[in-house]
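K.L.:
Got a sequence here, can you model it:
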Amino acid sequence: MLEELEEQFHGVHKKILNSKDNYLASHQKEYDQARASYQRQKKKLEKATNKVAKEADRFRRKGTKAAQNQLKKARAASVVLTEALSEARGIMTTAQDKLKSARPFEKKLAARARALAAFEKEWEKKQTVAEKAKADRAKKRKAAAKKKPVVSP
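P.N.:
Below is the predicted model:
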């Protein structure tokens, strides 16, 4: 039963160490992906805004109905890109919040890992002391058995 408990303890210890290593890294990766997506959307919006500004200037000079329709389409595309950018910003903010909350939890996991390691060391010390005491008792029993006089009937 003791061996089974030790096995379970080692299993829990390994799980905590693995989760500590992976937890923060996964949130950092999620944040980096969201940030990259946000940056891509932002560049698209800037390009579209510049394009719309140029086309608006050009279409104002033309003054035709087709030019005005093209300008409306360009503005609508700009609005869609702005909405996509705000959505990407929201995702990035959420990922950033998760990352911020993951850091204290990662510290807790590290503290648990240290506590488990200290417990394991203490447990090993207790085990060696118990084994030594058991061996000493066995020696004393043998010595006492040798010192006992043999009674003949």
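K.L.:
so who does the closest residue to Ala84 other than its chain neighbours touch?
P.N.:
On the basis of C-beta to C-beta, 6 or more residues apart in numbering, the spatially nearest residue to Ala84 that is not a chain neighbour turns out to be Gln41, at 5.4 Å. All C-beta spots, glycine's among them, are computed from the backbone N, C-alpha and C. Counting by C-beta atoms under 8 Å, 6 or more residues apart in numbering, Gln41 touches Leu81, Ala84, Leu85, Ala88.
K.L.:
Regarding Gln41, which helix or strand does it belong to?
P.N.:
helix 2-62 (DSSP states H and E).
K.L.:
now the helix or strand that that helix is followed by and helix 2-62, what's the angle there?
P.N.:
Per DSSP H and E, helix 2-62 leads on to helix 65-147 as the next helix or strand towards the C-terminus. Relative orientation of helix 65-147 versus helix 2-62 (axes from the mean of the first three to the mean of the last three C-alpha atoms, to 10 degrees): 170 degrees.
K.L.:
Does helix 65-147 pack against any helices or strands, and if so which?
P.N.:
helix 2-62 (3 or more C-beta pairs under 8 Å, 6 or more residues apart in numbering; DSSP states H and E).
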